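[1] output the structure for:
(one chain, ligands or ions: 1)
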Amino acid sequence: MAVVTNEVIRWGILATGKIAHAFARDLLLVPDAELVAVGSRRLPSAEAFAAQYGEGVRAYGSYEDLVADPDVDVIYIATPHAFHLENARLAFEGGKHVLCEKPLTLSVADSEEMIALAGQHGRFLMEAMWTACHPGVRALQRRLAAGEFGVPAHVHAELGFVVQAAADDRMLDPDLGAGALLDMGIYPLTFAHLMLGEATSLTAQADLHVTPGTASGKEGAIDMAIAMTGAYAGGALATMHASMRSWTTSAAAIATDRGRIEVPEFHHPSRITFTPKATMADWTADAGPLEPIEIEPDEPVIGSGYGNEAAEVNRCLRAGLLESPLVPHSQTLTLMRQMEEIRRQTGIRYPGE
Ligand SMILES: NC(=O)c1ccc[n+]([C@@H]2O[C@H](COP(=O)([O-])OP(=O)(O)OC[C@H]3O[C@@H](n4cnc5c(N)ncnc54)[C@H](OP(=O)(O)O)[C@@H]3O)[C@@H](O)[C@H]2O)c1
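    Predicted structure coming up:
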């Protein structure tokens, strides 16, 4: 792949939904990035989006027109999961690098195909797993691995909220890849993976909702909530939960043999603390309670944290990399395989499967 040497990396955003807006807001804060163009299925939607993020952002009424813009280096794909593969194919055929929203695709086979396409076209590809690019999460991962907080024995992570949406919303429509696992469960699974390494086994229970896809009319079985357990090297365990029908804490905690790490809003934390526990060896009669220690991020958080994933893409493009060491293809595939195994165990299936 040719190294991108422009003074600024020129971005195009494919789709104009909720996450596209959140990403665009943060992209404006990344020093060597410029939002050049946006593409939507409907021109008025692209025009309204472009107008919000600065003068001169080009608006296209189709994804095809967006990827044909010669002034765009990299495309951010922000459509529902079911369309990521076809959108990425379009972008690669247009000669673009790709940052693609999570989950990369619905199935392992489709993710493998997307990664193979990136390779055939010699283009960079990264799943937009912003948690893995977050400076706070990275600091925790590095210091935990170095043994600073003891040996981790248990990770708990949960993410969920009550989804109130129309049946054709991507959160509820099986044609669009709906379900708690792929939308939210990917975060607790990723957090456990980042902190404990690859799971040696996973088990799961799901609350299934059987419903037809609005476009296909074919039945799917999507998970409204999912509870998972994982086993990891050294006897470490994880409990993980994701839900579209209840309010969870959105927090993670790591219990080690020396104390406890608390990570509120674990997929983009603004504060991480380690509270050491006294052991018999360091206990003295006059010792007061042990104070929590703040775990500081390695570098500033850009915006909500989406800015850090964009900055990581820019860094990789300047270095001529085809994948990011923070979200390597192998890690994306490992998580996709885990979710496929969980889908198999629980009976989650999409129309036509
Ligand atoms: N990283 C994160 O924190 C985060 C947060 C939320 C979501 N996500 C991921 O981002 C992706 C999009 O989520 P979102 O919440 O932004 O969804 P959304 O609000 O429904 O927006 C999706 C956009 O995709 C385009 N689209 C193309 N074909 C579509 C179809 N048949 N039905 C609906 N929309 C279609 C539409 O844009 P146009 O009309 O402009 O073409 C639409 O606005 C998902 O894969 C999700 O997992 C990530």
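[2] does residue 340 touch residue 105 like I think?
    No. Shown here, residue 340 and residue 105 do not form a contact pair, counting by Cβ atoms under 8 Å, at 10.5 Å. For glycine as for every other residue, the C-beta is placed from the backbone atoms N, C-alpha and C.
[3] okay, those two: which has more neighbours?
    Taking residue 340 and residue 105 together and counting by other Cβ atoms under 10 Å, residue 105 has the greater number of neighbours (25 against 16).
[4] tell me the secondary structure at that one.
    Under the three-state scheme (DSSP: H, G, I helix; E, B strand; the rest coil), the conformation of residue 105 reads as coil.
[5] list the contacts of it.
    The neighbours of residue 105, taking Cβ atoms under 8 Å, 6 or more residues apart in numbering as the test, are 81, 84-85, 111, 113-114, 336.
[6] and the gap between it and residue 86?
    In this structure, residue 105 and residue 86 are 10 Å apart, going by Cβ to Cβ, to the nearest Å.
[7] next: residue 171.
    Counting by Cβ to Cβ - residue 171 and residue 86 are separated by 20 Å.
[8] what's the answer for residue 80, then?
    On the measure of Cβ to Cβ, residue 80 and residue 86 end up 11 Å apart.
[9] look at the two and report which has more neighbours.
    The residue with the greater number of neighbours, taking residue 80 and residue 86 and applying other Cβ under 10 Å, is residue 80; the counts read 20 against 15.
[10] quick one: the more buried one and residue 172 touch, right?
    No. Under the criterion of Cβ under 8 Å, residue 80 lies out of contact with residue 172, with a separation of 11.2 Å.
[11] kindly report the residues of this structure close to the ligand.
    15-20, 40-42, 45, 78-81, 83, 101-102, 128, 130, 170, 176, 183 (Cβ under 6 Å from any ligand atom).
[12] select only the buried ones of these in PyMOL?
    Restricted to buried positions by 16 or more other Cβ atoms under 10 Å, the PyMOL selection for the residues of the chain next to the ligand reads:
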select buried, resi 15+16+19+20+40+45+78+79+80+81+83+101+102+128+130+170+176+183
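[13] what is the neighbour count of the residue lying closest to residue 293 once chain neighbours are set aside?
    Excluding the flanking residues, the one nearest residue 293 by Cβ to Cβ, 6 or more residues apart in numbering is residue 274, at 4.8 Å. For residue 274, the neighbour count with other Cβ under 10 Å is 22.
[14] which strands and helices lie in contact with the helix or strand harbouring residue 274?
    Taking DSSP states H and E as the criterion, the element that holds residue 274 is strand 273-276. Packing partners of strand 273-276 (3 or more Cβ pairs under 8 Å, 6 or more residues apart in numbering; DSSP states H and E): strand 259-263, strand 293-294.
[15] give me the helices and strands touching the longest helix anywhere in the chain, please.
    Among all segments of the chain classified by DSSP state H, the helix with the greatest residue count is helix 329-346. Counting contacts by 3+ Cβ pairs under 8 Å, 6+ apart, helix 329-346 is packed against helix 108-121, helix 186-196, strand 201-212, strand 219-231.
[16] which of the ones you listed is buried the deepest?
    Of all the helices and strands packed on helix 329-346, helix 186-196 carries the top mean neighbour count, a mean of 25, counting by mean count of other Cβ atoms under 10 Å.
[17] okay, the angle between that helix and strand 219-231?
    In this structure, helix 186-196 runs at an angle of 20 degrees to strand 219-231, with axes from the mean of the first three to the mean of the last three Cα atoms, to 10 degrees as the basis.
[18] that older thread, wait, isn't the residue nearest to residue 293 in contact with residue 295?
    Yes. With contact defined as Cβ under 8 Å, residue 274 counts as touching residue 295 (6.0 Å).
[19] give me the common contacts of the two.
    Between them, residue 274 and residue 295 share the contacting residues residue 261, judged by Cβ under 8 Å, 6+ apart.
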